[in-house]
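A.B. asks: Curious how this folds, go ahead:
(chains A and B)
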Amino acid sequence: MINTLQEIAWESCLVEPVRDRALQSYARRRLGIPNPMIDYFASVPWLARAVIDLHPEYGLLMHLDESVADLIVLVVSQENSCRFCYAAVRAVLWAQGMSQARIERMERDLARSDLPPRTMAAVAFGRTLSRSGPVRAPEARQALRRVGFGAEEMKEIAFAAAITDFNNRALTIPAIPAHPVERIPDQIHMRLLRPFLGRIIKKHRYRGQPTALDQVPSYAYARLVKAYAGSPIGAVLNRTLTEMWASPHLTRRCKLLMLAVIARGLGCETCSLEVSEALENESLEQSALTQILSHLDAPELDPIERLLVPFARETIWYEPASLQRRARKLRGHLTDPQLLEAIGVAALGNGLCRMGAMVLNPS
Amino acid sequence: MTFVLGALLGLLLIVALLAGLLYRQWRRSATLRTQLDAAAKDLQDLQQACSRFAPAGVLQHLVADGVNSQIQPAPERKIVTVLFADLVDSTAMSDRLEPAVLARVLNGYFQRMSDAIHDHRGHVSHFLGDGIVAYFGALQQNPWQCNDAVRAALAMRAAIREYNVELAREGLPPLGLGIGIDRGSGLVGLVGSRERMEYDFVGRTVNMAARVQTLTRTHHVDILITQALRTELDPRFTLTPMPAELVKGFADPVVTYAVREGPTDAASAADG
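C.D. replies: Numbers count the residues shown, from 1 in each chain, chains lettered A, B, ... in the order given. Just a heads-up that it's a prediction; the model follows:
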């Protein structure tokens, strides 16, 4: 089950990789090592950059202990049954010197109750946010407070968990092949390169520095970005959202409708309100929006929206293979960039909404 | 000289003793690690075996929340849609068929119905004889649970029609299905005795769905929904109002609607 992710059914990949030297060198600069997975996202540059940038390990955390963040990423990837992300986390731990047996022991320890209380609370928070969404956020937040996490650490915990939810979906829905990553620890040349890989990865994992927002955002989820103002997280989220809104493959209204469906599905009132306000400027009557959010369809939707509104809903709770099959059905009706952008918007919506539940309602 | 030799021998003895102790400790840890690995493997196998007896989502909730601990996940009040399905005239069929054939027919029926429910985000809670109780919105927040439940019922109708074609090819009698659906508030969580617990939904909605299912015989239809469900349902479903009927356990007559057909989804419509 959650420990045997290599047995999780995984469809063949939905998108063709496109070699993009600029993106590859960007990934190498950020992560230190080549990342062939980026080629699958090349036709939607904002998504490719988001998959590279939105990683808690690489210069985004200022307060939270990195090892706690690693455990949150592992647990959330397990919860979401993301074979690719799970294998990637394991490969990074292996490259940094952990034996396979020790990684397995660590995974087992995650279910045990003798971990330090702070680690346990952070791991439980990641699980809860991923599994139950914002509905359980208040009690999860209380649990973090009880073990002594401060407000800034809690925001970083929310970011680590929610952004793993984003990455899991971005890699699961298009069924990015997991085998190459799963095989890394078994390959002779990788074993030989292991000490160098470990050193490079360690060198590129660093603490974040205070970072100012370039501009004050004015779109849906701007409040969330502002909540992270001063942290490198705010700057990266700001850039990702700005690029996502500017991307031409789907209309702004279509993206907002997908975000609205996800916010409703997860029961996040704050996020729903923010997205609804943005939709008012997109020539959509309130009655039509109510009909769309109640029944995932309405005569006011254009053909692409009619496909993507119900699809957004499918990304909230899912089984990988079943969601991959549903995404495959869209391929006949959308171009590759449209499909990828839809996947990116849905993945980002799931992450932002879970983050928003924790950060926008801190009382 | 003798003293130095004695001291050296003594030191060697102590080193040998320490080495022996360390080796024993190392062997013991290795054995414990092997046992722990075996226990973890057994646990995984058990989880996989258990998934045949409880929905996977339920099982993961229980395993992750630590069902064996003293603190069990607290039950929650939720609005859930309950689908109750039963075979029509199953007693007559069970009298006519050989036990092995009957078991095969019933297993085929249960599998198809469970798939239809699962495909529409429901989870089968129990099999009661040849009846099925399924919940929508119990495990996870689902604001679209009413539409999901009725779509599941329509998929069950289509699946039973296909299954009847297969049964007819084998010279077996067709199966008839009655489905009742209601929506309401109740308690979701682990309920039961110390010896046996179930992840269940407790509330009058379950009884109402069961009673509405019996009304399918009275009205000669296969899918009936309550007024409470209709209020939340997508208006594009084609419904026919049925006369109000008194049912056991409820004081007022129950208004129901027969479900004729549902709206086509966008992907199917685009496929033509």
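A.B. asks: Domains of the chain: list them as residue ranges, please.
C.D. replies: In the absence of a named chain, this looks at chain A. Domain segmentation of chain A under automatic domain parsing yields A:5-204, A:222-359.
A.B. asks: that answer is for a different chain, and I need it for chain B
C.D. replies: Here the domain parsing of chain B from automatic domain parsing is B:1-50, B:67-271.
A.B. asks: what ranges do the strands span in the stretch 51-200 of chain B?
C.D. replies: With strands called from DSSP state E, counting those that start in this stretch, the stretch 51-200 of chain B shows them at B:76-88, B:122-128, B:131-136, B:176-192, B:197-202.
A.B. asks: Residues contacting the helix or strand just after the last one, please?
C.D. replies: To tie it back to what came earlier, the one meant is strand B:197-202. For strand B:197-202, the succeeding helix or strand toward the C-terminus, using DSSP states H and E, is helix B:204-219. For helix B:204-219, the surrounding residues in contact (Cβ atoms under 8 Å, 6 or more residues apart in numbering or on different chains) are B:80-86, B:88, B:131, B:133, B:178-186, B:222-226, B:242-243, B:245, B:247-250, B:254, B:256, B:258. (Glycine included, C-beta is placed from N, CA and C.)
A.B. asks: pull the CA atoms of helix B:204-219 into CSV?
C.D. replies: What follows is helix B:204-219, C-alpha atoms only, in CSV (Å, rounded to 0.1, in the frame of the first residue of the first chain):
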residue,chain,number,x,y,z
ARG,B,204,-31.9,8.0,9.5
THR,B,205,-30.7,8.5,6.0
VAL,B,206,-29.6,4.9,5.8
ASN,B,207,-33.0,3.7,6.8
MET,B,208,-34.7,6.1,4.4
ALA,B,209,-32.6,4.9,1.5
ALA,B,210,-33.4,1.3,2.3
ARG,B,211,-37.2,2.1,2.5
VAL,B,212,-37.1,4.1,-0.7
GLN,B,213,-35.4,1.1,-2.3
THR,B,214,-38.4,-1.1,-1.4
LEU,B,215,-40.7,1.5,-3.0
THR,B,216,-39.1,0.7,-6.4
ARG,B,217,-41.3,-2.5,-6.4
THR,B,218,-44.4,-0.4,-5.6
HIS,B,219,-43.8,2.1,-8.4
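A.B. asks: and it, average pLDDT?
C.D. replies: Averaging pLDDT along helix B:204-219 gives 95.
A.B. asks: Where does the prediction get shaky in the stretch 51-200 of chain B?
C.D. replies: Residues of the stretch 51-200 of chain B meeting the criterion pLDDT under 70: B:51-73.
A.B. asks: Leaving out sequence neighbours, find the closest residue to B:Val88.
C.D. replies: Among residues not flanking B:Val88 along the chain, B:Gly176 sits closest, at 3.4 Å (Cβ to Cβ, 6 or more residues apart in numbering or on different chains).
A.B. asks: show me the contacts for the one you found.
C.D. replies: By Cβ under 8 Å, 6+ apart, the residues touching B:Gly176 are B:Leu87, B:Val88, B:Asp89, B:Ile160, B:Asp222.
A.B. asks: Relative to A:Leu193, how far out is the first one?
C.D. replies: This points to B:Leu87. The spacing between B:Leu87 and A:Leu193, counted by Cβ to Cβ, to the nearest Å, is 62 Å.
A.B. asks: Those two: which has the busier surroundings?
C.D. replies: Between B:Leu87 and A:Leu193, counting by other Cβ atoms under 10 Å in any protein chain shown, B:Leu87 is the more crowded of the two (21 against 15).
A.B. asks: Tell me who's in contact with the more buried one.
C.D. replies: The contact partners of B:Leu87, by Cβ under 8 Å, 6+ apart, come to B:Met93, B:Tyr109, B:Asp130, B:Gly131, B:Leu175, B:Gly176, B:Leu177, B:Gly178.
A.B. asks: Can you tell me how far the last one is from A:Gly148?
C.D. replies: Using Cβ to Cβ, we find B:Gly178 at a distance of 57 Å from A:Gly148.
A.B. asks: Comparing the two, which residue is more hemmed in?
C.D. replies: Per other Cβ under 10 Å, whichever of B:Gly178 and A:Gly148 has more neighbours is B:Gly178, with 21 against 10.
A.B. asks: Hmm, B:Thr256 and that one touching each other?
C.D. replies: No. Contact between B:Gly178 and B:Thr256 fails when scored by Cβ atoms under 8 Å: they sit 11.9 Å apart.
A.B. asks: what sits in contact with each of these two?
C.D. replies: With Cβ under 8 Å, 6+ apart, B:Gly178 and B:Thr256 have common neighbours B:Leu224.
A.B. asks: what about the residue nearest to B:Ile79 when sequence neighbours are not counted, neighbour count?
C.D. replies: Nearest in space to B:Ile79, with sequence neighbours left out and distances taken as Cβ to Cβ, 6+ apart, is B:Ser185 at 5.2 Å. Close neighbours of B:Ser185, defined as other Cβ under 10 Å, add up to 13.
A.B. asks: Next one: B:Ser185 relative to A:Tyr40, how far apart?
C.D. replies: 45 Å.
A.B. asks: Likewise for B:Glu166?
C.D. replies: The gap separating B:Glu166 from A:Tyr40 is 41 Å, by Cβ to Cβ.
A.B. asks: So for those two, which residue has more residues nearby?
C.D. replies: Using other Cβ under 10 Å as the criterion, B:Glu166 and A:Tyr40 rank with A:Tyr40 on top: 24 against 12.
A.B. asks: pretty sure A:Gln100 contacts A:Leu93?
C.D. replies: No. With contact defined as Cβ under 8 Å, A:Gln100 does not reach A:Leu93; the gap is 9.4 Å.
A.B. asks: more crowded one of the two?
C.D. replies: Taking neighbours as other Cβ under 10 Å, A:Gln100 and A:Leu93 compare with A:Leu93 leading, 21 against 12.
A.B. asks: In this structure the more buried one contacts A:Leu71, no?
C.D. replies: No. Look at A:Leu93 against A:Leu71 with Cβ under 8 Å: they stay out of range, at 10.5 Å.
A.B. asks: Go through the chain and flag its longest helix.
C.D. replies: I went with chain A, as the question did not name one. Ranked by number of residues, the top helix in chain A under DSSP state H is helix A:336-359.
A.B. asks: think we crossed wires, I meant chain B
C.D. replies: Looking across chain B with DSSP H, the single longest helix is helix B:2-50.
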